[in-house]
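> Pasting a predicted model and its sequence here:
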Amino acid sequence: MKSGVILKRFCLRIFALLIGLFLFSFGVVLTIKANIGYAPWEVFHVGLARTIGVSIGTISISIGVLVVVINILLGEKLGFATFLNMILVGLIVDLLFPRIPLGQNLIAGIIMLLAGVFSISIGTYFYLTAALGPGPRDGLMIALARKTGRSVGLCRFAIEFVVTIAGFFLGGMVGVGTVLFVVVIGFAVQITFKIFRFDATAVKHETMRDTCAALKAIRG
């Protein structure tokens, strides 16, 4: 295969990755700004951020590092996108956070939260299709699905439930939106993957070594 074709395909994968990370980050901010109870990971991030006294983005990056370590122990491969996800999501969240207004009532909050859930789900699809490594939290979801033989949606639900409880005790905001997110996120991920006919567990992600080798081949 000609190096020009390989380069074009690689650029399209990077584009899909960046679109996915933006949509994911945008969804995270929407679920927080809905103001009816944070999404599970945000309950945890916000609670920990307030406890320690740092930004939500900083905590998101730090927790991402910890989850990456857990993924390594579970045998999940790390790739270029794993580290890009870990860094960019926190930075984009901090960038978008002051620019999106709070939901002013319950109805507006529910609409914002549901939009956020599906933005997260679609963003997850896009950056996983790049096959450059799953993000830390999605890597954990996929690793658990592979280890247990359970569906991706069920594993996502279990993870969200655990971090919600931890976040609540750290002072994160738990409300009707939190419950709604936990109930809907697994379904949203499953339906999004089904619409795009995408099996996350079947994706063979490139490791950092694979990506570096491919780039060297392009350079000739």
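Cool, the structure landed. Residues are numbered from 1 along each chain as shown.

> For the rest of this, base every contact and every neighbour count on C-alpha atoms.
Will do.

> which residues are contacting the lowest-mean-pLDDT helix or strand in the chain?
Lowest by mean pLDDT, DSSP states H and E among the helices and strands of the chain is helix 208-219, with a mean of 77. With contact meaning Cα atoms under 8 Å, 6 or more residues apart in numbering, helix 208-219 is reached by 3-4, 6-7, 78-80, 132.

> Compare those and tell me which has the most neighbours.
L132 (28 neighbours; other Cα atoms under 10 Å).

> before we move on, back to that, give the buried residues for the least confident helix or strand of the chain.
Judged by neighbour count (16 or more other Cα atoms under 10 Å), helix 208-219 contains these buried residues: 208, 211, 214.

> mind checking the SS state of M173?
coil (DSSP: H, G, I helix; E, B strand; the rest coil).

> what about it, neighbour count?
M173, neighbours per other Cα under 10 Å, totals 23.

> What helix or strand is the nearest residue to it once chain neighbours are set aside located in?
Nearest residue to M173, sequence neighbours excluded (Cα to Cα, 6 or more residues apart in numbering): G37, at 5.3 Å. G37 belongs to no helix or strand when assigned by DSSP states H and E.

> Contacts only, for G37.
For G37, counting by Cα under 8 Å, 6+ apart, the contacting residues are 43, 173-178.

> Also F83?
By Cα under 8 Å, 6+ apart, the residues touching F83 are G135.

> Pull out the buried positions in stretch 106-122.
109-110, 112-122.

> Among the residues you listed, pick out the one closest to L91, please.
The shortest gap between L91 and any of those belongs to I120, at 16.0 Å (Cα to Cα).

> Just give the nearest non-adjacent residue to that closest one, would you?
Counting by Cα to Cα, 6+ apart, the residue nearest I120 is F24, at 4.2 Å.
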